[in-house]
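K.L.:
how does the following fold in three dimensions:
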Amino acid sequence: MRTGAALRVALFVTLLSATPPGVAAEPRVGPTIAELVEVADIEALAVSPDGSMVAFRVERASIQRNGYDLDWYVADLSTGAARRIGAGGEPIYNDGLIESERPIWSPDGRFIHYRALVDGAIGIWRAAADGSGARRVVAGDADVESLAPSDDGAALLYVTGPTRAEVARSERSEYDEGVLVDASVDPAQTLVRGGWVHGRLASQRLVGHWYLRDGLLWRAPRVRRRIDLRTMLEGPAEPLPPRTIAPMTVATGNAGLSATSPGGLVATARSENGQNRLEVRRGEGPRIECMAEACRGPRVVSLAWRGADELLFTTQDRHHRQRLNRWTPRTGRVRTLHAGTGLLSGGRSGALPCAITAASAVCVTASAVEPPRLERIDLDSGRRQALFDPNVAIRGRVAPRVEQLEWRLADGRLATGTLLLPPRPTAAPAPLFLTYYYCPGFLRGGTGDPFPLTALVDAGFIVVCANVVPFEEWGDGADRYRAALASVEALVDVLDRRGLIDRALIGMGGFSAGSEATMWIAMNSRLLAAAAIASPQYEPSAYWMSGVRGRDHPRVMREFMQAGAPDTDPDRWRTIAPALNTERISAPLLMQLPEQEMRAAMELYARLSNTTTPVEMYAFPDEAHVKFQPRHRFAIYRRHLDWFRYWLQGRVDPDPARADQYRRWDELRARRDGSAIE
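P.N.:
This next block holds a predicted model:
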């Protein structure tokens, strides 16, 4: 029942939210929440054998049908024209991400080949580059689990496992006879058809590497087959050795990158003792190291040879800005071809290297307020040309002002982040929303995509996406959280000195490690006036859910967080577990979690719900670590926006459909403030 005080609060915030008659609403500075969900991504670039064309796939979410449209395109690099050549089927999901792999060109450049999920089966499809049609060339009783070119490029190599009927029988048998709960079972998730395997909801098993999952029959024999790309004839099946999965290890360091030229030069890029090195070597011959600042400064993230003796390399600085560079080892000359404000390896994955021809680099560009598009960069002049823009409808709008921030922690370490400001300066300090993890490319929702950043700017917030403070050694796992708190404290001081924010009105949200940082700050400071998390925490109850003999979880927890079993290491758990520190958490907390992880968060939710701190939790069915369903992402965006506007701005949306939401929040506020009647 709403108390009189709660009713007065609701009336007050409703009045605050209204626009006075005759006063125009502030113009929107970014995409709507629906448009953010439906931003298109470009993936899977592949250059034709003669270098004249590039194939790529466009992925666009559809809230209306709660799915994704996948389409294959080919762009002619001489004319810049792009055409759709075929559908990509339904998405093949993997832990909340859509699997993406490069298509395979036929040697004559007339066709591309790719895996596609159509009518419940994953087969191999062949699409004509001229747009004349696409057809399925491999369709069997078993799904095609992987596809790759042969070493000589003359054939397709594909792998299949058990048939779909065998998988269904194994799931039915387990359902009828009961699920044996052993080290391969994650009790936090739905046991029967609780996750996505090869594009369908299926029963999953842990495979021995932290939370890595696969289907029930992941150990079943696999076979590889070969298709000649000239004749399209298939060779005999080749049995493959049993699959093995290496356990998770906790280690630091950069394994490095390498690329071999047609002439046999091997380029390597690696980091040693905090120093980046790029060098080439032929066989056992002498090493040639690049001494230019472009080679030794920012980290090298991709390598590709242009012919036999010219190396293209992409670097990325601490703000995730990428540069494309050209190095000729013979002369030592280095030239920067493109230095942008964001990624060249754009798209949702953020790790897609440019496709290289003799004359061009074809890249997916994306920056903080610029959604992905496909561009061609001339390798001689550096001139840029837009080839394909699936997000033209939201490009060019009035956008937030962007600043790349750098600030120092108290111990001198450097922190970085992206600041989003309204297009026009405001007179009064504003509430601050910040998220903490990584901030590459187009900042639609931050890492994991849970927070509508430009919509928050529209709503009157100053927004910061803060990057994780770098660390060289694991040391004490909680030191990462202490660094996050020190970073946020220093950031708030910087923004306060500039007069941008009201430091009494700070909201924070996080995903995965960012959620851990958010909860650490909530229980070790009074900085936050509201918080939201998209992932669970390390809690005693979650430890035992993952503690069955045979799991690697206890070992990894000892190595990663220096935490033993909760009953033998209570002091450590008291330090790291939010559920054991609820008396220190005062910021209202919204938890929007995937069903696969929600049960691991029940201890925190239950304990906090029995205090006066406002807390609410939502669980999203059929979702893994990264929540991908468009309707879910839309609901998550909208609820996060409502949550932070309610607690930091006193704003209630007048939409009658959300009245129950605000009734609950009014009751939580009244209970916290001592005006509720129990």
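
K.L.:
which residue sits closest to the residue positioned nearest the centre of the chain, ignoring its sequence neighbours?
P.N.:
Nearest residue to the geometric centre of the chain (Cα atoms, centre = their mean): Gly448, 4.4 Å. Nearest residue to Gly448, sequence neighbours excluded (Cβ to Cβ, 6 or more residues apart in numbering): Phe511, at 3.0 Å. Just so you know, the C-beta spots here come from the backbone N, C-alpha and C atoms, and that holds for glycine as well.

K.L.:
do a quick rundown of the helices in this protein.
P.N.:
Secondary structure of the chain (DSSP state H): helices at 4-17, 33-37, 164-177, 293-296, 453-458, 479-497, 513-524, 540-545, 553-561, 570-576, 595-598, 602-609, 630-649, 659-673.

K.L.:
dump the longest one to CSV, restricted to CA.
P.N.:
The reference is to helix 630-649. Extracted C-alpha coordinates of helix 630-649, given in CSV (Å, rounded to 0.1, in the frame of the first residue of the first chain):
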residue,chain,number,x,y,z
PRO,A,630,16.5,-7.7,-29.2
ARG,A,631,13.4,-7.4,-27.1
HIS,A,632,15.4,-8.2,-24.0
ARG,A,633,18.0,-5.6,-24.9
PHE,A,634,15.2,-3.0,-25.5
ALA,A,635,13.6,-3.8,-22.1
ILE,A,636,17.0,-3.6,-20.3
TYR,A,637,17.9,-0.3,-21.9
ARG,A,638,14.6,1.3,-21.1
ARG,A,639,14.5,0.0,-17.5
HIS,A,640,18.1,1.2,-16.8
LEU,A,641,17.1,4.7,-18.2
ASP,A,642,14.0,4.7,-16.0
TRP,A,643,16.0,3.6,-12.9
PHE,A,644,18.6,6.2,-13.0
ARG,A,645,16.2,9.0,-13.9
TYR,A,646,14.0,8.0,-11.0
TRP,A,647,16.7,7.9,-8.3
LEU,A,648,18.9,10.7,-9.6
GLN,A,649,16.5,13.1,-11.2
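
K.L.:
average pLDDT for it?
P.N.:
For helix 630-649, mean pLDDT is 98.

K.L.:
try the first one
P.N.:
Averaging the model's pLDDT scores along helix 4-17 yields 34.

K.L.:
try the third one
P.N.:
Across helix 164-177, the average pLDDT comes to 97.

K.L.:
try the last one
P.N.:
Rounded to a whole number, the mean pLDDT of helix 659-673 is 98.

K.L.:
next, the angle helix 602-609 makes with that helix.
P.N.:
70 degrees (axes from the mean of the first three to the mean of the last three Cα atoms, to 10 degrees).

K.L.:
just use 254 as the starting number from now, easier for me
P.N.:
Fine by me, first position is 254 from now on; the one you just mentioned is helix 912-926.

K.L.:
what is helix 912-926 packed up against?
P.N.:
Helices and strands touching helix 912-926, by 3 or more Cβ pairs under 8 Å, 6 or more residues apart in numbering; DSSP states H and E, are helix 257-270, strand 868-873, helix 883-902.

K.L.:
which residues are in contact with the closest residue to Asp749 other than its chain neighbours?
P.N.:
Nearest residue to Asp749, sequence neighbours excluded (Cβ to Cβ, 6+ apart): Arg756, at 5.1 Å. Taking Cβ atoms under 8 Å, 6 or more residues apart in numbering, we find Arg756 in contact with 685, 745, 749, 780.

K.L.:
what is the burial count for the third one?
P.N.:
Taking other Cβ atoms under 10 Å as the criterion, the count of residues near Asp749 is 15.

K.L.:
how near is it to Glu742?
P.N.:
Using Cβ to Cβ, to the nearest Å, Asp749 is found at 11 Å from Glu742.
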